[in-house]
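>>> below is the sequence, then the predicted model.
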Amino acid sequence: MEEREGMRRVAVVVVTYNSETLVDDLVASLDAGMSGLQWELVVADNASTDGTVERVRALVPGATIVEIGANRGYSAGINAGVRVAAPHDAVLVLNPDVRLQQGCVATLAAALDDPRVGVAVPRLLDAEGQPIWSLRREPTLLRALGEAVLGATRAGRRAHLGEVVTDPGFYDTPTDTDWAEGSTQLIDAACWADVGEWDDSWFLYSEETDYGLRVRDVGWRTRYVPEACAVHLEGPSGTAPGLRALLLCNRVRLVARHRGRPAAAAYWALTVAREGSRVALGRAGTTVALRALVSPRLMRAERGPEWLAAATRVA
């Protein structure tokens with residue numbers, strides 16, 4: 001961990017949950033990825049049972065480790081890590097399955113020199129070196145409809161029809177974005193102070209959407225920096241029935257929070273119709289999601305591991 005006078009200070013906050021097989025390669029990428037910066041590693045662990053904490057201690061004896069004691073989700077881990085971090089100029093939020101490329105974070109940090117930029121995000125590649133569509137637009141009813149009718153890839157090429165930005169050319173130049181996937185984000189300390197902590201009531205899914213929209217709504221910008229690069233291995237998140245149910249229920253809640261109840265009611269109806277059609281087609285995992293969407297109890301309930309278990313039992 002470099003420490004030189006005048007360097008930008010970055011708190012690297014990694015949230016782990018049973019991530020023992022991932023942390024070696026993450027740690028191995030940090031020296032190159034953080035080159036030119038003064039940084040510390042903070043790992044917030046959501047009650048792993050596989051030896052994650054012990055492995056991090058062995059790899060980085062100087063790391064700060066926060067043992068949360070329960071699986072409270074991604075946002076809770078981020079917040080816990082930032083609270084114990086040393087004084088810093090920016091926070092780098094990382095998933096444990098990210099591999100930083102040479103100079104990635106210094107390049108992101110340069111984008112924060114613009115006083116209007118509060119968050120900087122890199123170009124993301126998958127394990128095979130293929131681009132990940134990591135940039136997003138604000139969820140709206142029209143975009144949800146566009147993706148339902150055209151599919152996410154086709155709809156995403158048009159700004160008004162898709163939430164996921166899927167135009168390859170869009171990823172070649174620096175640009176602002178409504179929000180970006182949450183695996184690799186550099187957040188300016190002043191922006192963090194203005195926006196506040198991530199909302200841990202989401203548990204999983206929509207937390208980075210909510211945070212990105214809050215960043216925008218208080219006047220900061222999220223900047224995509226294609227010259228900065230990282231690899232994100234992207235596990236099978238969202239494919240398990242309970243996880244898909246949580247993703248969809250949280251998205252309805254997100255629309256209610258940011259666009260109001262009438263918009264959320266319409267969004268909910270469209271989501272139910274789409275999941276109903278998927279059930280009719282025999283798509284895996286859709287029955288659990290549909291029943292969660294039409295369950296008032298689950299739509300209102302606190303999110304967490306117990307929610308996932310209850311959603312699966314509903315089916």
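Yes, it's here. Residues are numbered from 1 along each chain as shown.

>>> and the spatially most central residue of the chain, how far from residue 222?
For the chain, the residue nearest the mean C-alpha position is residue 182 (2.2 Å; C-alpha atoms, centre = their mean). Remark: distance between residue 182 and residue 222 (C-beta to C-beta, to the nearest Å) = 11 Å. Placement of C-beta: from N, CA and C, glycine included.

>>> need the helices for the stretch 151-300 of the chain, in chain order.
For the stretch 151-300 of the chain, the helices defined by DSSP state H, counting those that start in this stretch occupy 152-155, 189-195, 207-217, 241-259, 261-280, 286-293, 296-300.

>>> of all the ones you listed, which one is nearest residue 84?
Among the helices of the stretch 151-300 of the chain, the nearest to residue 84 by C-beta to C-beta is helix 189-195 (14.3 Å).

>>> quick one: distance of the closest one to the chain centre.
18 Å (C-alpha atoms, centre = their mean, to the nearest Å).

>>> report the secondary structure state of residue 54.
Put simply, residue 54 is helix when judged by DSSP: H, G, I helix; E, B strand; the rest coil.

>>> neighbours around it, how many?
Counted with other C-beta atoms under 10 Å, the neighbours of residue 54 add up to 12.

>>> how close does it get to residue 250?
32 Å.

>>> can you pull the contacts of residue 149?
residue 155 (C-beta atoms under 8 Å, 6 or more residues apart in numbering).

>>> where's it, which helix or strand?
In this structure, residue 149 sits in helix 141-150 according to DSSP states H and E.

>>> check which residues of stretch 60-75 are buried.
Residues of stretch 60-75 classed as buried: 60, 63-66, 68, 71-75 (neighbour count, 16 or more other C-beta atoms under 10 Å).

>>> again with stretch 85-102
Counting neighbours by 16+ other C-beta under 10 Å, stretch 85-102 gives 85, 88-101 as buried.

>>> so which pair among these is furthest apart in space?
That would be 89 and 97, which, of the buried residues of stretch 85-102, are the farthest apart (C-beta to C-beta) at 25.8 Å.

>>> distance from the helix holding residue 149 to the middle of the chain?
22 Å.

>>> mind listing what's buried in it?
Those would be 141, 143-147, for helix 141-150 by 16+ other C-beta under 10 Å.

>>> in those residues, find the pair that's most separated.
The farthest-apart pair in the buried residues of helix 141-150, when distances are taken by C-beta to C-beta, is 141 and 147, at 11.0 Å.

>>> low-confidence regions, this structure specifically.
The chain contains residues with pLDDT under 70 at 1-6, 235-239, 314-315.

>>> the same query, at a cut-off of 80, please.
1-7, 234-240, 284-285, 314-315 (pLDDT under 80).

>>> could you break it into its assigned domains?
With domains defined by automatic domain parsing, the chain comprises 9-232, 241-314.

>>> in strands, which of the buried residues of stretch 85-102 appear?
Residues of the buried residues of stretch 85-102 located in strands (DSSP state E): 90-94, 98-100.

>>> what's the closest of those residues to residue 298?
Using C-beta to C-beta, those come closest to residue 298 at residue 93, 28.2 Å.

>>> excluding covalently adjacent residues, which one is nearest to that closest one?
Excluding its sequence neighbours, the residue lying closest to residue 93 (C-beta to C-beta, 6 or more residues apart in numbering) is residue 185, at 4.6 Å.

>>> mind listing what that neighbour touches?
Residues in contact with residue 185 (C-beta under 8 Å, 6+ apart) are 92-93, 119-121, 208.

>>> if we use 7 Å, what do you get?
93, 119, 121 (C-beta atoms under 7 Å, 6 or more residues apart in numbering).

>>> now do residue 22
96-97.

>>> buried residues, the helix or strand hosting it. List them.
Using DSSP H and E, residue 22 sits in helix 20-33. Using 16+ other C-beta under 10 Å as the test for burial, helix 20-33 gives 20, 22-23, 26-27, 29-30, 33.

>>> next: stretch 174-181.
Across stretch 174-181, burial judged by 16+ other C-beta under 10 Å covers 177-181.
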